[in-house]
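S.K.: This is a predicted model, with the sequence first.
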Amino acid sequence: MALFACMYYAMMRPSEVTALREEDCDLPAAGWERVTLGGSTPTVGSEWTDSGQVHEVRGLKGRPRKAKRIIPIPPELVAILRDHIKRFGVAPDGRLFRTERGGTPHKSGYVRTWKLARAFALTPQQVGTQLAKRPYDLRHAGISMRLNAGIPATQVAQWAGHRVEVLLKIYAKCIDGQDHLWRGLINGALGDSAGPDGCDDGEAM
C-alpha cells in the first residue's frame, strides 16, 4: 500500500519509489513534511547492467546525476510511511521497499498486486475500463489533483520532475476551465473589492 501511496500522494515514478530510502523522508508524528529524491532504479534488463541485475541505480530522470528533488507530502502519506516502516522495517541500505530476498521490487510483482487490488476495489463495469489501469496512473492522478486544486503548473512541474511545457501538454484539460479559481484568488488579493464576476461592484460588463 505504501508503495502505491507514494505514486499518488508524492507523484513519484515507480522507479523513484523503489529507490526511496528512510533517510530521504522527513516523517514527523503529525502534519505535512517532505521527501527528498536523489535517485531511481529503473528496469533495464540484466544484459544491460554491469552488475547483472535487472535494475540499474541512476539519478533522477532528466536531471544531472547528483540532482535532488524535494516534494512536500501530506499527513496521509506521512502516516502511511511511518506505519510501513514500523511494520516492515527497512533494507540494510535503508530502502523502504524490497522483495522477500531484499532485492528491488520487480514491476511484474507490483503490477500483479495492483490488478488484484483494482479488481477488489472497483465494480466489474469499472474494471473493464481504463480507470486506474496501471500503477503509473496513480502518479497522473496525483498531478491532476494538484492542478485541479489550483496549484500553479510551474510548481507542480517542479515537484513532479516534469518540464513545464511537457506538463502543460499532458495535463491541459486539468488546467482549462478554472476561471472561477483564478477569480477567487484575485478577489482575495484585491481585498474582496471585486464582485463575483471579477468586476468591481456596480461596474457593468
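M.R.: Looks like it arrived, so ask away.

S.K.: Hmm, residue 143 and residue 153 touching each other?
M.R.: No. Shown here, residue 153 and residue 143 do not form a contact pair, counting by Cβ atoms under 8 Å, at 9.8 Å. (C-beta placed from N, C-alpha, C; glycine too.)

S.K.: Compare the two and say which one has the larger neighbour count.
M.R.: A side-by-side neighbour count of residue 153 and residue 143, using other Cβ atoms under 10 Å, places residue 143 first with 23 against 19.

S.K.: Just the element for the more buried one, please.
M.R.: Under the criterion of DSSP states H and E, residue 143 resides in helix 136-148.

S.K.: buried sites along that helix?
M.R.: Within helix 136-148, the residues that count as buried by 16 or more other Cβ atoms under 10 Å are 137, 138, 139, 140, 142, 143, 144, 146, 147.

S.K.: do the same with stretch 103-110
M.R.: Applying 16+ other Cβ under 10 Å to stretch 103-110 flags 104, 105, 107, 110 as buried.

S.K.: right, and out of the buried residues of helix 136-148, which lies closest to residue 88?
M.R.: residue 138 (20.1 Å; Cβ to Cβ).

S.K.: what about stretch 26-36, average pLDDT?
M.R.: Averaging pLDDT along stretch 26-36 gives 92.

S.K.: Next: stretch 3-13.
M.R.: When pLDDT is averaged along stretch 3-13, the result is 96.
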